[in-house]
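Undergrad: kindly return the folded structure for what I paste below:
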Amino acid sequence: MSLDRRTLIAAAGALATGPALAKEPAMPRLYPVLETIIAAWKAQDIEGVLACVTDDIVWRNSSGYAPAIKGKAAMRAALTNMKAAIKPGSNTWRIFDYAESADRLFMEGVDEFDLVTGQHVAIPYAGSLQFRGALVSEWREYFDGRISADMKAGKPMSAEVKEMLDRPLAK
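TA: Numbering: from 1, shown residues only. From the prediction side, this is the model:
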């Protein structure tokens with residue numbers, strides 16, 4: 001099969017107007033679910049967070065140093081324990097960057113809050129949310145547990161962490 005000039009020009013025109021080269025980025029489908037989760041967690045609304053996950057959610061929130069939290073009941077228990085430790089109104093969970101691919105949302109951000117015991121904690125992390133429809137079915141988070149442990153023990157935030165956290169937020 002041979003291609004003539006007219007076919008090549010038509011194909012190039014189709015590519016130039018297709019989504020890969022569009023001037024406007026595609027509207028995010030998955031990120032708004034994460035925004036809903038963040039808003040609920042900032043309000044310490046556990047049921048609001050759970051409304052965004054499947055009944056069989058697998059939550060790997062410890063970077064692999066503890067077993068995964070499996071199922072909505074176990075996630076509710078973990079969130080209840082976390083809520084009891086976090087000073088109300090102090091959560092400033094932020095997302096710096098994100099990308100969507102099929103049914104997965106990749107994110108980079110900081111989980112920042114004050115403990116009821118007075119310590120300030122700011123943990124840079126990256127994560128991945130797997131979706132089934134409009135609900136999160138698997139949640140994986142990656143962070144340095146030493147940073148979390150040090151801050152929970154009252155150690156100050158390092159200059160490196162401060163630099164990592166001084167970034168613009170995702171839009």
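
Undergrad: residues near the nearest residue to Glu138 once chain neighbours are set aside, how many?
TA: Using CB to CB, 6 or more residues apart in numbering and skipping the chain neighbours, the partner closest in space to Glu138 is Gln130 (4.0 Å). For every residue, glycine as well, the C-beta is placed using N, CA and C. Neighbourhood size, Gln130 [other CB atoms under 10 Å]: 17.

Undergrad: now swap in Val136 and tell me
TA: Residues near Val136, counting by other CB under 10 Å: 22.

Undergrad: make sure it is indeed in a helix.
TA: No: using DSSP: H, G, I helix; E, B strand; the rest coil, the assignment for Val136 is strand, not a helix.

Undergrad: helices and strands of the protein: which one bottoms out on pLDDT?
TA: Within the chain, no helix or strand scores below helix 5-17, which has a mean of 48 by mean pLDDT, DSSP states H and E.

Undergrad: report the rounded mean pLDDT for the top strand by length along the chain.
TA: Taking DSSP state E as the criterion, the chain has its longest strand at strand 120-132. What strand 120-132 shows for mean pLDDT is 93.

Undergrad: what does that strand rub up against?
TA: 30, 33-34, 54, 103-115, 136-144, 147-148, 151-152, 157, 161, 164-165 (CB atoms under 8 Å, 6 or more residues apart in numbering).

Undergrad: buried subset of those residues?
TA: Those of the contacts of strand 120-132 that meet the buried threshold are 30, 33-34, 54, 105, 107-114, 136-141, 143, 147-148, 151, 157, 161, 164-165, by 16 or more other CB atoms under 10 Å.

Undergrad: in helices, which of the residues you listed fall?
TA: 33-34, 147-148, 151, 161, 164-165 (DSSP state H).

Undergrad: between those residues, which has the least confident prediction?
TA: Ser148 (73).

Undergrad: burial count for the closest residue to that one other than its chain neighbours?
TA: Residue nearest to Ser148 in three dimensions, not counting chain neighbours: Ile123, with 5.0 Å by CB to CB, 6+ apart. A count of nearby residues for Ile123, using other CB under 10 Å, gives 20.

Undergrad: list the beta-bridge partners for Ile123.
TA: Per DSSP bridges, residues listed as beta-bridge partners of Ile123: Asp111.
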